[in-house]
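Participant: Return a 3D structure for these sequence lines:
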Amino acid sequence: MASNSYDPRSLENGIGPKGSSKEITRHHNNNHHHHGRTAHNMSSSSLRKKSDLSLVSKVPWGLLRDVLANLQEVFLGTKLFILFPTVPLAVAARYYGFGSAWVFALSLLGLTPLAERVSFLTEQIAYYTGPTVGGLLNATCGNATELIIALFALHKGKIEVVKCSLVGSILSNLLLVLGSSLFLGGLANLSSKKQTYDRKQADVSTSLLLLGVLCHMLPLMFRYAASIGERTTDAAVATLQLSRACSIVMLLAYVAYLFFQLKTHRQLFEAQPDEEDGDDEVSDDQPAICFGSALTWLVAMTAVIALLSEYVVGTIEAASESWGISVSFISIILLPIVGNAAEHAGAIIFAFKDKLDITLGVSLGSATQISMFVVPLSVIVAWIIGITMDLDFQLLETGSLLVAVLVTTFTLQDGSSHYLKGLVLLLCYVVISACFFVLRTPLSMSMTGGNGNNLGLQPGNEVLRAAV
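Facilitator: I've put the predicted structure just below:
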């Protein structure tokens, strides 16, 4: 077979022919949209970089050269590679008994490049499995860090840490990520006065987010109404049952959303290729590593994320006491900001390039995934392992979530944006952050193994702290 021939099946998965003309590649891109990559998993590509080391190419042994090239691509193929040393430092700090605050900080920093690499590896696997399987893999691994932290916190009985970290991730994506992207993107494109985007994807995501807020508000209102009638114990049981029913509905809605995204309306969510990348960025026409390597590294990275997540959950109270800030502030503000820094940076970079459709796909897609998948899945997992967790995220957290979703919905309703819209979202996030910062939580209230105390409530608010 001639060297410039190609198998059409390779194009189905977005693998261009070696030595083929630009016309063939462009034709393929226009018809298949880069193997169905969504805007959500394109955030990792904005942080990829060329990692060519001349020493690797000079290694005489083929197998060793391939192994070194693989390691180079995985560890040096990201602009966040400078944070990888924090992973062994966190393990060493835990092993040698350094302060818990150091372990917490190093573990949190170590999660940042790992989360970006998981996104990169799922994208690599999608080259070989096709867009549908790749999309399903991204749907489960896209927010692997939040899910793993939630599972470890559930295992340790820290229910309110789970709730606050998940609410914080949604708030961060809707207000901080989207706000900073619209603000900085608007400033970077002042000459055009405004940036435009396709409203259809935003409408779908905000509709699901509103459904998620409803499922959070109903248990809260139900418990509050029942508590006024002095039926607190019955209200707790009924609220738990209602939360589990709502969680099942949310998961079914998320499955329908995946079918909508990956099958019937895939064109709404596929990201357009970036044709203006500089020389320092990597072409996405072909996979960077083979399928076996990508799968192996994905398992390994997930295992390391699990280890660091255990460190984070185990040291969060000690870090709170050492730094003099509440556990609620760490869970709602610090965890999402640092843990999702890679994804956040990707969204901002695309806003700078006037590609708001990708920015919205990253921020709204992540918020929708957490709200409609990670949150209800946590409730179901807690139900399976015999731990009591409901969807009553308490008044302050639920109110903040409602405001964030409503403000975001109104901001995106006209299909255009400018820096002032982004500034409003950012200021909303600043006000909410200040609220949780001044809310002092006693250390004894941070763990909720059986008492049901809420992180954000003061001792006088007994009505909203009914036993779960």
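Participant: switch to C-alpha atoms for all contacts and neighbour counts from now on
Facilitator: OK.
Participant: so what's residue 167 up against?
Facilitator: Counting by C-alpha atoms under 8 Å, 6 or more residues apart in numbering, residue 167 touches 332, 397, 401.
Participant: Then it would be within a helix, right?
Facilitator: Yes: residue assignment for residue 167, taken from DSSP: H, G, I helix; E, B strand; the rest coil, places it within a helix.
Participant: Nearest to residue 361 among the contacts of residue 167?
Facilitator: When the contacts of residue 167 are compared for distance to residue 361 (C-alpha to C-alpha), residue 401 wins out at 19.3 Å.
Participant: returning to that earlier point: scan the contacts of residue 167 and report the most crowded one.
Facilitator: Counting by other C-alpha atoms under 10 Å, residue 332 has the largest number of neighbours within those, with 27 neighbours.
Participant: What is the burial count for the nearest residue to it once chain neighbours are set aside?
Facilitator: With C-alpha to C-alpha, 6 or more residues apart in numbering as the criterion, residue 332 has its nearest non-adjacent residue at 3.9 Å, and that residue is residue 168. Using other C-alpha under 10 Å as the criterion, residue 168 is surrounded by 26 other residues.
Participant: if I look at residue 168, how far off is residue 338?
Facilitator: 12 Å (C-alpha to C-alpha, to the nearest Å).
Participant: swap in residue 391?
Facilitator: Remark: distance between residue 391 and residue 338 (C-alpha to C-alpha) = 25 Å.
Participant: quick one: which of those two has more around it?
Facilitator: For residue 391 versus residue 338, neighbours defined as other C-alpha under 10 Å are more numerous around residue 391 (26 against 16).
Participant: Okay, now the unreliable bits of the stretch 1-150 of the chain?
Facilitator: Under the criterion of pLDDT under 70, the regions of the stretch 1-150 of the chain flagged as low confidence span 1-65, 131-132, 135, 139.
Participant: repeat that for 80
Facilitator: The stretch 1-150 of the chain contains residues with pLDDT under 80 at 1-72, 75-79, 129-142.
Participant: residue boundaries of the helices in it?
Facilitator: For the stretch 1-150 of the chain, the helices identified by DSSP state H, counting those that start in this stretch occupy 8-12, 22-36, 54-57, 62-76, 86-95, 100-129, 131-141, 144-155, in order along the chain.
Participant: in the chain, which helix has the most residues?
Facilitator: With secondary structure taken from DSSP state H, the chain has its longest helix at helix 291-323.
Participant: Check which helices and strands that one is in contact with.
Facilitator: Using 3 or more C-alpha pairs under 8 Å, 6 or more residues apart in numbering; DSSP states H and E as the contact criterion, the elements in contact with helix 291-323 are helix 86-95, helix 100-129, helix 144-155, helix 327-329.
Participant: now that helix and helix 86-95, what's the angle there?
Facilitator: Angle of helix 291-323 versus helix 86-95, following axes from the mean of the first three to the mean of the last three C-alpha atoms, to 10 degrees, is 50 degrees.
Participant: Neighbours of the residue nearest to residue 152 when sequence neighbours are not counted, how many?
Facilitator: Residue nearest to residue 152 in three dimensions, not counting chain neighbours: residue 310, with 6.1 Å by C-alpha to C-alpha, 6+ apart. Close neighbours of residue 310, defined as other C-alpha under 10 Å, add up to 21.
Participant: cool, and the one 5 residues further on?
Facilitator: By the measure other C-alpha under 10 Å, the count of residues near residue 315 is 20.
Participant: list the contacts for it?
Facilitator: With contacts defined as C-alpha under 8 Å, 6+ apart, the neighbours of residue 315 are 100, 101, 103, 104.
Participant: cool, residue 289 as well?
Facilitator: Residue 289 makes contacts with 70, 73, 124, as judged by C-alpha under 8 Å, 6+ apart.
Participant: And residue 366, which helix or strand is it part of?
Facilitator: Counting by DSSP states H and E, the element that carries residue 366 is helix 356-369.
Participant: where does the stretch 201-350 of the chain dip in pLDDT?
Facilitator: In the predicted model of the stretch 201-350 of the chain, residues 226-235, 265-288, 339-340, 342-343 satisfy pLDDT under 80.
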